[in-house]
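A.B. asks: next comes the sequence, and after it the predicted model I'd like to discuss.
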Amino acid sequence: MTAARIEQLVTSGTFSLDGGTWDVENNVWIVGDDSEAIVIDAAHDADAIRAAVGDRRLKAIVCTHGHDDHIDAAPALADATGAPILIHLDDRLLWKHTHPDRNPDAYLSDVRRITVAGTELTVLHTPGHTPGAISLHAPDLGTVFTGDTLFAGGPGATGRSYSDFPTIIRSIRDRLLVLPPETVVRTGHGADTIIGSESPHLQEWIDRGH
């Protein structure tokens with residue numbers, strides 16, 4: 001059996017919340033092998049994501065959180081592929097802001113496991129950026145997908161509705177920085193990092209209220 005691999009697609013669009021709109025580029029992650037895959041964060045361009053998946057069976061569309069730039073293409077991708085949309089229950093209100101007439105297919109909870117191509121990904125509930133933000137830890141791939149919870153250089157933003165800085169710090173400290181230091185952090189926007197590069201800076205982030 002072909003080993004699971006990680007593919008990255010960058011899509012462009014906008015993020016809107018609290019009356020503002022910003023241009024953004026998002027990382028869309030595809031994890032799988034030659035026959036099946038999952039998509040992490042169906043952002044902006046369902047056609048491009050579907051083309052990247054190709055003729056593989058799409059097992060799930062996993063949303064790291066409910067901001068519109070991470071979920072806007074999810075219903076169209078689900079309709080095209082038959083894959084279920086999964087999001088944490090605590091982000092159901094954010095989901096409804098973007099998709100009032102379409103429900104997710106199932107709700108994620110902490111430590112749920114998702115298996116694709118013989119590789120297990122564990123859901124880590126990492127609230128703070130949003131109430132239902134999750135990360136996905138794939139130890140066999142040496143990777144954690146953090147959405148907008150942890151970036152190269154610090155925590156995700158907490159200055160808008162539904163976000164909380166002390167909560168994101170707790171999530172990063174208790175759920176992410178405890179992972180092996182060589183774990184690759186694959187983020188919702190921008191460059192990768194590793195846990196070992198970020199963990200020494202926790203107190204700095206706290207002190208500056210990043």
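C.D. replies: Good, I have the coordinates. Numbering: from 1, shown residues only.
A.B. asks: which residues in this structure form strands?
C.D. replies: With DSSP state E, the ranges of strands along the chain come out as 5-17, 20-32, 36-40, 57-62, 85-88, 106-108, 113-116, 119-125, 134-138, 143-147, 150-151, 154-155, 184-187, 193-194.
A.B. asks: span of stretch 159-175 from start to end?
C.D. replies: The stretch stretch 159-175 measures 21 Å between its terminal residues, going by CA to CA, to the nearest Å.
A.B. asks: now that stretch: average pLDDT?
C.D. replies: Mean pLDDT, stretch 159-175: 97.
A.B. asks: now swap in stretch 14-25 and tell me
C.D. replies: Averaging pLDDT along stretch 14-25 yields 97.
A.B. asks: check stretch 80-96 too.
C.D. replies: For stretch 80-96, the per-residue pLDDT values average out at 98.
A.B. asks: next: stretch 65-72.
C.D. replies: What stretch 65-72 shows for mean pLDDT is 98.
A.B. asks: for it, give me every contacting residue.
C.D. replies: The contact list for stretch 65-72 (CB atoms under 8 Å, 6 or more residues apart in numbering) reads 13-17, 24, 26, 41-44, 63-64, 85, 87-88, 91-95, 97-99, 129-130, 132-134, 147-148, 188. Every residue, glycine included, has its C-beta placed from N, CA and C.
A.B. asks: on that earlier part again, can you tell me which of the strands of the chain is most buried?
C.D. replies: The highest mean neighbour count among these, using mean count of other CB atoms under 10 Å, belongs to strand 143-147: a mean of 27.
A.B. asks: and it, what does it pack against?
C.D. replies: Counting contacts by 3 or more CB pairs under 8 Å, 6 or more residues apart in numbering; DSSP states H and E, strand 143-147 packs against strand 134-138, strand 184-187.
A.B. asks: neighbours of residue 90, just the number please.
C.D. replies: Residue 90: 20 surrounding residues under other CB atoms under 10 Å.
A.B. asks: surely it and residue 129 touch.
C.D. replies: No: counting by CB atoms under 8 Å, residue 90 stays clear of residue 129, with 11.7 Å between them.
A.B. asks: residue 174 is nearest to which of the strands of the chain?
C.D. replies: Nearest to residue 174, of all those, is strand 119-125, at 9.6 Å by CB to CB.
A.B. asks: okay, the angle between the closest one and strand 20-32?
C.D. replies: 150 degrees (axes from the mean of the first three to the mean of the last three CA atoms, to 10 degrees).
A.B. asks: could you give the mean pLDDT of strand 119-125?
C.D. replies: For strand 119-125, mean pLDDT is 98.
A.B. asks: can you list contacts of it?
C.D. replies: With contacts defined as CB under 8 Å, 6+ apart, strand 119-125 is touched by 3-4, 31, 38, 88, 90, 108-115, 132-141, 144-145, 171, 175-176.
A.B. asks: redo that, cut-off 6 Å
C.D. replies: Applying CB atoms under 6 Å, 6 or more residues apart in numbering, the contact partners of strand 119-125 are 4, 108, 110, 112-114, 134-138, 140, 175.
A.B. asks: now swap in stretch 201-210 and tell me
C.D. replies: Contacts of stretch 201-210 (CB under 6 Å, 6+ apart): 154, 155, 169.
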